[in-house]
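Engineer: would you be able to build a 3D model of this:
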Amino acid sequence: MNANEIRIGNWFKHKANEWSVRNEPMIEGAIIYFQWEESDWYCVGESTLSLDVIEPIPLTEEWLNRLLFTWDSVTWSIGDCLMLSADSNDDYAIFLNSLTHGKLKRKIKYVHQLQNLYFELEEKELPIKI
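Structural biologist: Numbers count the residues shown, from 1 in each chain. Got it, this is the predicted structure:
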């Protein structure tokens with residue numbers, strides 16, 4: 001994980017068993033998910049948070065649903081500009097079709113990559129349902 005990939009609001013997995021920095025992480029079984037906050041930049045390097053203990057969240061159908069994408073039996077989409085389809089490696093290719101964005105195809109493997117691309121193109125955060 002490179003620091004230059006991280007933007008405030010991105011979601012990641014925390015690999016440690018316990019995490020005392022946050023009061024409200026999203027916990028599913030043994031997995032701790034958290035949303036990167038501005039204060040996390042000050043915690044990097046401390047025992048509770050480092051780039052070594054976070055990992056990207058693979059983009060899955062479950063996460064596409066959480067990010068409010070809809071499935072139309074062919075593609076995943078949100079609004080009228082993003083359409084995602086999975087390739088044989090279960091990576092997602094993004095096709096953007098609108099008057100403002102033209103067409104773009106880019107491979108997306110992780111939730112934070114999709115969040116960053118969406119923010120860059122739409123100038124707003126990708127909504128999420130927790």
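
Engineer: domains in this protein, as residue ranges please.
Structural biologist: With domains defined by automatic domain parsing, the chain comprises 3-56, 61-122.

Engineer: can you lay out those as CSV showing mean neighbour count, distance to residue 128 and mean pLDDT?
Structural biologist: The C-beta positions use only the backbone N, C-alpha and C, and glycine is treated the same way. Formatted as CSV, the domains of the chain follow (neighbours: other Cβ atoms under 10 Å; distance: least, Cβ to Cβ, whole Å; pLDDT from 0 to 100):
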stretch, mean neighbour count, distance to residue 128, mean pLDDT
domain 3-56, 14, 7, 74
domain 61-122, 15, 6, 80
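
Engineer: so for this protein, the centremost residue is which one?
Structural biologist: residue 111 (2.2 Å; Cα atoms, centre = their mean).

Engineer: go ahead and confirm that residue touches residue 64.
Structural biologist: No - using Cβ atoms under 8 Å, residue 111 is not in contact with residue 64; the gap is 9.2 Å.

Engineer: on that earlier part again, of all the domains of the chain, which one is nearest residue 130?
Structural biologist: domain 3-56 (5.7 Å; Cβ to Cβ).

Engineer: end to end on that closest one, go ahead and measure it.
Structural biologist: 12 Å (Cα to Cα, to the nearest Å).

Engineer: check which helices and strands the lengthiest helix in the chain is in contact with.
Structural biologist: Longest helix of the chain, by residue count under DSSP state H: helix 111-122. Secondary-structure packing of helix 111-122 (3 or more Cβ pairs under 8 Å, 6 or more residues apart in numbering; DSSP states H and E): strand 11-14, strand 54-56, strand 92-96, strand 105-108.
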